[in-house]
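> With the input below, show me the fold.
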Amino acid sequence: MLTTWILVAGKAGVRVFSYLPGEKDSWSLAHAFSHPSGRLQAKEIVTDRAGRSFHRRDKVSHAGGRSGDPVLHEDLLFAKQIACFLERARRRVAYARLFVVSSPHFAGILKKRMDPRTLETITGFIHQDLSSRPEGETRDVVSAKIFPAPPATVRANH
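Got it, this is the predicted structure:
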């Protein structure tokens, strides 16, 4: 039976659930990653004020600073960590199909960090941040979207 992984991702953490289609109650937590700095704001990530440098040869003083968005940088680092984990797991054949449940923003960052063969295992996306929801609620939402109930049949009166 081919294992399906459901990656429930947020900036502050990722949970990977394993699911075996056809197996009753086969939903289980396979891996979890915490990323506490994903909850921080830019001013909390960049704690040092810009410094100054002086070049004796030029006799010029320069203000030092950082370029770029520190929050985005943290997101990129975390997405790369998750993408590497997924690639290693794919190579070990730990899963055959992958569903990604995440905000559109983080899903986009994650997709850009994945290698092409891992991207091919993605069966679908759910663009919703469920990363802080309890496991049971997450399972119910994901199951309803990935494995919708078949339509009820209408019995004809004869």
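> low pLDDT regions in this structure?
By pLDDT under 70, the low-scoring segments of the chain are 1, 23-25, 35-71, 147-158.
> What is the strand or helix carrying residue 6 packed up against?
Using DSSP states H and E, residue 6 sits within strand 4-10. Here strand 4-10 touches strand 13-19, helix 70-91, strand 97-102, helix 104-113, helix 135-146, going by 3 or more Cβ pairs under 8 Å, 6 or more residues apart in numbering; DSSP states H and E. All C-beta spots, glycine's among them, are computed from the backbone N, C-alpha and C.
> Could you identify which of those is most buried?
Of the helices and strands packed on strand 4-10, the one with the most neighbours on average (mean count of other Cβ atoms under 10 Å) is strand 97-102, at a mean of 22.
> Which residues outside it are in contact with it?
2-10, 86, 107, 110, 118, 121-131, 138, 142, 146 (Cβ atoms under 8 Å, 6 or more residues apart in numbering).
> Buried only: go through those residues for me.
3-10, 86, 107, 110, 118, 121-122, 125-126, 128-131, 138, 142, 146 (16 or more other Cβ atoms under 10 Å).
> Residue 9 and residue 109 touch, don't they?
No: assessed by Cβ atoms under 8 Å, residue 9 is found out of contact with residue 109, at 9.6 Å.
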